[in-house]
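Student: Kindly return the folded structure for what I paste below:
(one chain, ligands or ions: 1)
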Amino acid sequence: MTPAPGAILLCLMAAAAETPADFILLSAKIWTGEKSRPGAEALASRGGRIVALGDNGEIEKLRGPRTIVLDGRGRRAVPGFIDSHTHMTMGGLNLLALDLRHTKDEADFTRRLGEFAKTRPAGRWLTDGAWDHQQWTPPRLPTKALLDPATGDRPACLSRQDGHMMVCNSLALKLAGITRETPDPEGGVIVRDSSGEPTGVLKDAAMNGIGAVRPARTLEELTEALRAAVRHAAERGVTSVQDLPGDPRDLDAWEKLRAAGELTVRVTYRPSLSAWESARDRRAGMKSDEWLRIGGVKGYADGSLGSGTALFFEPYADDPKTSGVFAAEAIPLSKMEERVAGADGAGLQVVLHAIGDRANAEILDLFERVAKRNGPKDRRWRIEHAQHLRAADIPRFAKAGVIASMQPYHAIDDGRWAEKRIGRERCKGTYAFRSLLDAGAVLVFGSDWDVAPLAPIAGLDAAVTRRTTDGRNPGGWFPEQRITVEEALRAYTSAAAWAAFEEKEKGTLAPGKLADLVLLSADPLSVRSEAIGKIDVEATVVGGRVVFSRR
Ligand SMILES: [Zn+2]
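Tutor: Below is the predicted model:
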C-alpha cells in the first residue's frame, strides 16, 4: 500500500528533527539581532548553519553523541563580528615582522635579530624592524657589523621606526651593488666610515637602491601572513572581514588558504577600482562561496588627515597653504566617474575612500550623477571613512542611499590632535555617528587594520564612549556623536552584512543563517560604558566550529 504524500512528509520531518546537531551552545544570553526573536538561551547548528534557537530543554533534544557542546555559562553571545574594512595581508605581515623597537643596546639588537633570523627560511630577505637608536646609550647608528653575525645568508635591510633610513647587512649591500665607489644619490646619503666604506646605513633616496633588488613578496610569504591574520581575527571575535587591497596578490593568497581548508574567517574582497575590469573577469572565473568572494571594488578620492592630504573645502588650520589633495585615482574626477559607472554597470558594488569634507561632498555628487546615468537599482554604494562631513552633507547619505563605512577607533585616536589640524568647528562633523544615524543613514563599522587594531570590542567602546586614547576626554570627544551599544553592535553585525549584500547569510542569529557567533566575558548591553573596553572574547564560533576559545 502506498502511504499518502502527507504521511511521507511527516515521517521525513520526524527524521529531520531527530538528526543531531553538529554544534550546540547552551546556557548563554544570546542577543540575536533579530526583531522577531531578540533573545534565546541556546542555539543549534548543522552543516555550518543555525537550525534552531530556544531554551536549553529544546536545544538539548538535538544533542547527539558527536555534537560539540559549548557551555555559555550564562554569558552574552552575539552574532560574529563583521569587520567592514581590513587590509589583512598588511596586518598579517606586521604580526610576523621582526620587532626591534624596544632593544636596549647594540648587543640586544644583534641578539633579537639573530633569534628572529633563525625562524626565517634561508635566502629570505629580512626587512622592517622599526629600530630606534635614540633609545640606546650611547645613541649610535647601527652598522652592518651588528647585522652580519646575526643574519647568516639572508639579505637584511632593516628600517628605522620613522622610515627615513635603513641599515643593511653586507649581503644586501652587495646585491644592490652599493660599494665605496657608489656616489650618494640626489636626495639621499650612503653613510660611510672614516675610510669611506659604507657602514650599511642608507638615508632617504639612497634606500631606493635596495628597493630595486629586494624581491616582491612571494605567495608563500603572503599566505603565511594571512594565516597569522586569520588566527588573530578568531582571537578578536571577528568571523567575517570585508578585505581591501594590501598586496597585488592578496586574492591568490586567500584562494590558497581556502583551497587548503584553512579559513576560519569569511572574506569578502574588494580589489582596486582602477582595475575594475580585471575584478569583473576574476569574479566571473573564480569560485564564490560563503568563505571567499569578490564583493565589488574600492577606490580612493583623497589622502589622510595625519599626512595633510585629506581634501577639505577650507585650508588646514595648522597649514593654511593647503586644503589637501585628490588621490591620484581621482585626477581628473571624470576618469574616476567613468570607472565607477563601468563597475556599476558590471554589477560590482563600489566603495570609495573619502576623508576630508570636500572629498565626501565630491563623491556624493559623483554617486548621484552615476546613479542618474545608469538608472535605478540596489547599489549599496559606500563611502569608506566618511570622516569629516559638512552638516549639509550628512542627510545626503540616506537620501542617495550611500552607506557610511566608518572606523570608530580612529575617532578616539585622531581625537587627540584633529582639532589642531582642522579647528574645533570642523570637528563637529567628524566621525558623526549620531548625526548620520539620526538622518537615516546606514552606518557600518570596521577597523582599517593594520592602521588601527583589529578589535571590535575596542570599536564598540570607542563608538559608545568617544573617550580619546590619551585620557583627555573622559566624558567623550564631541560626546553628542556617541551612539548606543545596540546601535554599535548592529554596525558590526547586521548592518555590516547588509552593506556587503550578505544579509541573508549572516549578521543576525536565525535559523538558516551561518552559525557564526561570539561568546563574551561580560555583557556590553548591560555593563557600565567604561567597562566595555575590558570585555574579552571567550569563544569564537564560525560555521558551528569553535575556532577560538580562551579556556
Ligand atoms: Zn583602509
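
Student: quick one: the helices in the stretch 251-400 of the chain?
Tutor: For the stretch 251-400 of the chain, the helices defined by DSSP state H, counting those that start in this stretch occupy 276-285, 333-345, 357-374, 394-400.

Student: so what does the shortest one touch, helix or strand wise?
Tutor: Think helix 394-400. helix 357-374, helix 433-438 (3 or more C-beta pairs under 8 Å, 6 or more residues apart in numbering; DSSP states H and E). Any C-beta I mention is one placed from the backbone N, CA and C, and that applies to glycine too.

Student: returning to what we had before: most tightly surrounded among the helices of the stretch 251-400 of the chain?
Tutor: Each of the helices of the stretch 251-400 of the chain was assessed for mean neighbour count using mean count of other C-beta atoms under 10 Å. The highest is helix 357-374, with a mean of 20.

Student: quick check: mean pLDDT across it?
Tutor: Per-residue pLDDT values over helix 357-374 give a mean of 98.

Student: ditto for stretch 302-319
Tutor: Averaging pLDDT residue by residue across stretch 302-319 gives 93.

Student: now do the same end-to-end measure for it.
Tutor: Across stretch 302-319, the terminal residues are separated by 17 Å (C-alpha to C-alpha, to the nearest Å).

Student: what's it in contact with?
Tutor: Stretch 302-319 has contacts (C-beta atoms under 8 Å, 6 or more residues apart in numbering) with 301, 321-327, 330, 353-359, 361-362, 387-388, 390, 414, 418, 420-423, 426.

Student: In PyMOL, how would I select the buried members of those?
Tutor: Of the contacts of stretch 302-319, the buried ones can be selected in PyMOL as follows, counting by 16 or more other C-beta atoms under 10 Å:
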select buried, resi 301+323+324+325+326+327+330+353+354+355+356+357+358+359+361+362+387+388+390+414+418+421+422+426
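
Student: burial of the nearest residue to residue 26 once chain neighbours are set aside, as a residue count?
Tutor: In this structure, residue 26 finds its nearest non-sequential neighbour in residue 42, 4.8 Å apart by C-beta to C-beta, 6 or more residues apart in numbering. Burial of residue 42 is recorded as 24 neighbouring residues (other C-beta atoms under 10 Å).

Student: In this structure, which residue is most central in space?
Tutor: For the chain, the residue nearest the mean C-alpha position is residue 86 (1.8 Å; C-alpha atoms, centre = their mean).

Student: all strands for the stretch 101-250 of the chain, in order.
Tutor: Counting by DSSP state E, counting those that start in this stretch, one finds strands in the stretch 101-250 of the chain at the ranges 126-131, 156-160, 165-168, 188-192, 198-204, 238-243.

Student: Toward the C-terminus, what is the element adjacent to the worst-scoring helix or strand of the chain on mean pLDDT?
Tutor: In the chain, the helix or strand scored least confidently by mean pLDDT, DSSP states H and E is helix 5-18, which has a mean of 51. Counting by DSSP states H and E, the next helix or strand C-terminal to helix 5-18 is strand 23-26.

Student: Return the mean pLDDT over that next one, rounded to an integer.
Tutor: Here strand 23-26 scores 98 as its mean pLDDT.

Student: Name the residues that touch the helix or strand following it?
Tutor: The C-terminal neighbour of strand 23-26 among helices and strands, as given by DSSP H and E, is strand 29-31. Here strand 29-31 makes contact (C-beta under 8 Å, 6+ apart) with 38-43, 53, 72, 74-79, 489, 509, 517, 523, 525.

Student: Sitting in strands, which of those residues do you find?
Tutor: Within the contacts of strand 29-31, residues falling in strands by DSSP state E are 39-40, 42-43, 53, 76-79, 517.

Student: Any idea how far apart the tips of stretch 24-34 sit?
Tutor: Between the start and the finish of stretch 24-34 there is a gap of 19 Å, counting by C-alpha to C-alpha.

Student: Off-centre distance for it?
Tutor: The gap between the average C-alpha position of stretch 24-34 and the chain average comes to 26 Å, counting by C-alpha atoms, centre = their mean, to the nearest Å.

Student: Would you indicate which residues of that stretch are buried?
Tutor: Judged by neighbour count using 16+ other C-beta under 10 Å, the buried positions of stretch 24-34 are 24-26, 28-34.

Student: Closest to residue 395 out of the ones in strands among the contacts of strand 29-31?
Tutor: residue 79 (29.1 Å; C-beta to C-beta).

Student: Grab the nearest non-local neighbour of the closest one.
Tutor: Nearest non-adjacent residue to residue 79, counting by C-beta to C-beta, 6+ apart: residue 493, 4.4 Å away.

Student: wouldn't that neighbour be in contact with residue 508 here?
Tutor: Yes - counting by C-beta atoms under 8 Å, residue 508 is a contact partner of residue 493 at 6.8 Å.

Student: Are there residues contacting both of those two? Which ones?
Tutor: When contacts are counted by C-beta under 8 Å, 6+ apart, residue 493 and residue 508 have 33, 79 as shared neighbours.

Student: quick one: which of these two has more around it?
Tutor: Here residue 493 and residue 508 are compared on neighbour count by other C-beta under 10 Å; more neighbours surround residue 493, at 30 against 21.

Student: Tell me who's in contact with the more buried one.
Tutor: Taking C-beta under 8 Å, 6+ apart as the test, what residue 493 contacts is 33, 78-82, 507-508.

Student: Look up how far residue 459 lies from it.
Tutor: Computed with C-beta to C-beta, to the nearest Å, the distance linking residue 493 and residue 459 is 12 Å.

Student: Then residue 327?
Tutor: On the measure of C-beta to C-beta, residue 327 and residue 459 end up 25 Å apart.

Student: Over to residue 487?
Tutor: 12 Å.

Student: again, but for residue 300
Tutor: In this view, residue 300 and residue 459 are 22 Å apart by C-beta to C-beta.

Student: Please apply the same query to residue 126.
Tutor: Separation of residue 126 from residue 459 (C-beta to C-beta): 33 Å.

Student: The two: who's more crowded?
Tutor: With other C-beta under 10 Å as the criterion, residue 126 and residue 459 differ in neighbour count, and residue 459 comes out ahead with 28 against 23.

Student: helix/strand/coil for that one?
Tutor: Reducing the assignment to helix, strand or coil with DSSP: H, G, I helix; E, B strand; the rest coil, the entry for residue 459 is helix.

Student: Run through the residues that contact it.
Tutor: Residues in contact with residue 459 (C-beta under 8 Å, 6+ apart) are 407-409, 445-447, 488, 492.

Student: Quick check: the two most widely separated of those residues?
Tutor: Within these, 447 and 488 form the most distant pair, 13.2 Å apart (C-beta to C-beta).

Student: Just list the residues touching residue 420, thanks.
Tutor: Going by C-beta under 8 Å, 6+ apart, residue 420 touches 317-318.

Student: which SSE is it in?
Tutor: helix 418-427.

Student: And for residue 341, nearest residue in space, chain neighbours not counted?
Tutor: Closest to residue 341 by C-beta to C-beta, 6+ apart is residue 370, at 4.9 Å.

Student: From residue 404, how far off is the one you found?
Tutor: From residue 370 over to residue 404 (counting by C-beta to C-beta), the distance is 18 Å.

Student: now do residue 463
Tutor: Separation of residue 463 from residue 404 (C-beta to C-beta): 12 Å.

Student: likewise residue 426?
Tutor: Residue 426 sits 17 Å away from residue 404, taking C-beta to C-beta as the criterion.

Student: How about residue 460?
Tutor: Applying C-beta to C-beta, one obtains 17 Å for the distance of residue 460 from residue 404.

Student: higher neighbour count, those two?
Tutor: Between residue 460 and residue 404, counted using other C-beta under 10 Å, the more crowded position is residue 404 (29 against 25).

Student: Distance check, the more buried one against residue 393.
Tutor: With the distance defined as C-beta to C-beta, residue 404 ends up 11 Å from residue 393.
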